[in-house]
Structure formats: structure tokens, C-alpha cells
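Undergrad: sequence plus predicted model, see below.
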Amino acid sequence: MELIYLALSQIIISIVLSIIVMFISYKLLLKLFGLKDQKINNDNLAISIFFSGIIFSIGYLLSGIIPSIINAIELIRLHKEEAMFIEIFKYSSLALLFGFLMSSVILFTSFTLMKSMTKYIKEISELKQNNMAVAILLTSILISITLICKDSLVFLLDIYVPQPEVVKFD
């Protein structure tokens, strides 16, 4: 029965923290592009496609972090008796925050590199003018880079997963 509660708490923590991360990502994108919520509609599908690609990329990168969080939760459960929920929430929050920050760095770096490769295209102004071809190209490049970088991000986070101490016998 304890495992059921642990699994349910992991699901709840993942959902709550993921919604918070996605909400923050969306609001940051609106500010970054100088848009308001009303401008994301059928009149400009290019920006919607591009934003969707970024949000998907962040979600995909963070989805790789969830197994690391679950492993850490198992280790915390096995080695701590008191304040388990607080430890789980603290570690999950830190892991997702670190993952979100690293996802942002990956996507920002990718976008900056794309801009340097396509120096004759004014990406942001083209997106605001509803240029679907630019939106699809940028989104495809971002998603491709995300697919390539996911394992490296997960490996980086796994380095910080708390491991149980090993007793060395001489």
C-alpha cells in the first residue's frame, strides 16, 4: 500500500510541477516576443507553431528527467524515515528547475545558432508576419536539437542524483 501512495505522490508532483514549468515557459515566451495572449490565435499560426515547438521541446527534455526523479525518490524512501514528502518535493522541484534552466539554455543556444546560420532571415519579424515556412523550419530545427540533447541533459542530472553510501569492507 505504501508503494501506491508513493506512486500517486510522484504523479501528483510531476503534474503540478510540469504545469508550473509550462505556464512559466509560456509567459516568458510572450514577454520575449513582445506579445499578448490575444495575439496567439488563428490570425498568426506561425507564432503558435513556433511556441508549440518550444513548449514541446521543454516538455520532452523534462520528460527525461522524470526517471531520475523517481530513482532519487526511491533512494530517499529507502534511506530516510522522517520528512520523506518534503525531501521528495524538494528534490523533484530542484531537478525540474535545473532541467528547465538547462532546457532554456539549450533552446536559447539553438535559436541563437539558427539565427547565425540564417542571417538573411529576420526570424522574429517573419513569425510575427505569419510566415509558416519559417515557423516550420525553426520548429523542426529546435525539435531536432532537442532530440539530440535529451540524453546529455539526463546524464548531467543523473550525476547529482543522491546515491546511497556504500560500506567498504577491508
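TA: It's in.

Undergrad: which residues sit against stretch 125-144?
TA: Taking C-beta atoms under 8 Å, 6 or more residues apart in numbering as the criterion, the residues outside stretch 125-144 that touch it are 33, 43-47, 49-50, 52-54, 56-57, 60, 107, 110-111, 114, 121, 123. Where C-beta positions appear, they are placed from N, C-alpha and C, glycine not excepted.

Undergrad: give the rounded mean pLDDT of stretch 65-83.
TA: Averaged over stretch 65-83, pLDDT sits at 69.

Undergrad: and for stretch 22-32?
TA: When pLDDT is averaged along stretch 22-32, the result is 80.

Undergrad: got it, and stretch 148-162?
TA: Mean predicted confidence for stretch 148-162 is 78.

Undergrad: before we move on, back to that, buried ones among the contacts of stretch 125-144?
TA: Applying 16 or more other C-beta atoms under 10 Å to the contacts of stretch 125-144, the neighbour count classes 44, 46-47, 49-50, 53-54, 57, 107, 110-111, 114, 121, 123 as buried.

Undergrad: in those residues, find the pair that's most separated.
TA: Using C-beta to C-beta, the buried ones among the contacts of stretch 125-144 reach their maximum pairwise distance at Asn44 and Ser110, which is 22.0 Å.

Undergrad: so for stretch 135-150, what gets flagged as buried?
TA: Taking 16+ other C-beta under 10 Å as the neighbour-count basis, stretch 135-150 is seen to contain the buried residues 135, 137-139, 141-143, 145-146, 149-150.

Undergrad: those residues in helices, which ones?
TA: When these are checked against helices (DSSP state H), the matches are 135, 137-139, 141-143, 145-146, 149-150.

Undergrad: any chance of those in JSON lines, with distance to Leu101 too?
TA: What follows is those, written out as JSON lines (distance: C-beta to C-beta, whole Å):
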{"residue": "Ala135", "distance to Leu101": "26"}
{"residue": "Leu137", "distance to Leu101": "26"}
{"residue": "Leu138", "distance to Leu101": "22"}
{"residue": "Thr139", "distance to Leu101": "22"}
{"residue": "Ile141", "distance to Leu101": "21"}
{"residue": "Leu142", "distance to Leu101": "17"}
{"residue": "Ile143", "distance to Leu101": "20"}
{"residue": "Ile145", "distance to Leu101": "17"}
{"residue": "Thr146", "distance to Leu101": "15"}
{"residue": "Cys149", "distance to Leu101": "14"}
{"residue": "Lys150", "distance to Leu101": "15"}
